[in-house]
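A.B. asks: show me the folded form of this:
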Amino acid sequence: MKYTMLSFLTSTLVIIVGIVLITVVFVIKIYNSLVGLRNRVKNAYAQIDVQLKRRYDLIPNLVETAKGYMKHESETLEAVINARNQAVSAAATASKDPTAAGAISDLAGADGALTGALGKLMVVMEAYPDLKANTNMLQVQEELTSTENRVAFSRQAYNDSVLNYNNKREMFPSNLIAGMLNFKFAQSWELDDEAARSVPKVNF
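C.D. replies: Got it, this is the predicted structure:
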């Protein structure tokens with residue numbers, strides 16, 4: 001009887017340990033998968049960040065070149081610089097943790113405002129033919145257009161990574177692990193302004 005009871009307890013213990021081990025392995029596998037997908041989101045944002053910094057670095061050159069020709073358009077030029085500085089600040093915040101609540105939506109809003117300010121500047125520049133023919137302006141125009149295209153491509157890759165991560169985070173049973181281990185929802189880069197959905201036109 002004692003042997004039977006001991007055998008039963010041993011068998012039960014083995015089953016319990018086995019279940020615990022399987023559960024631990026399962027949790028580790030889901031956790032590692034979530035970490036990998038979250039890191040892909042951060043890496044995809046890093047690609048956007050590189051292009052945004054390039055874009056933001058080009059804008060002061062654009063404004064400085066325009067200043068020499070647009071002496072009576074200081075308000076328009078200041079609006080571009082202010083929008084650029086706000087976008088730089090939002091990008092710096094987002095680069096710390098793009099999955100943080102509001103980081104990407106704040107950046108998208110600031111970058112959209114910058115796109116709008118640049119669009120107004122381009123319209124005003126149409127009245128200055130000498131500026132349109134300026135060699136430095138033509139070079140900045142080409143670099144800015146190229147950068148805008150790269151931003152759009154990087155943004156799409158980022159949104160794809162966000163979708164994969166959020167799907168994994170929300171599906172059962174990984175949603176249980178995500179909730180317990182604080183895997184935050186990642187915000188995709190949405191363009192609210194319909195005009196901002198296309199690459200800004202910087203042709204002179």
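
A.B. asks: just checking, what packs against the helix or strand bottoming out on mean pLDDT in the chain?
C.D. replies: Lowest mean confidence among the helices and strands of the chain (mean pLDDT, DSSP states H and E): helix 129-132, at a mean of 84. With contacts defined as 3 or more CB pairs under 8 Å, 6 or more residues apart in numbering; DSSP states H and E, helix 129-132 has no helix or strand neighbours. C-beta coordinates here come from the backbone N, C-alpha and C atoms, glycine included.

A.B. asks: give the next helix or strand downstream of that helix.
C.D. replies: helix 135-170 (DSSP states H and E).

A.B. asks: next structured bit after that next one?
C.D. replies: helix 174-180.

A.B. asks: buried set for that next one?
C.D. replies: Ser174, Ile177, Ala178 (16 or more other CB atoms under 10 Å).

A.B. asks: from those residues, which is closest to Leu144?
C.D. replies: Lowest distance from Leu144 to those (CB to CB) belongs to Ala178, with 39.5 Å.

A.B. asks: gap between the closest one and Gly102?
C.D. replies: Noted for Ala178: a distance of 19 Å to Gly102, by CB to CB, to the nearest Å.

A.B. asks: contacts only, for Lys42.
C.D. replies: By CB atoms under 8 Å, 6 or more residues apart in numbering, Lys42 lies in contact with Asp97, Pro98, Thr99.
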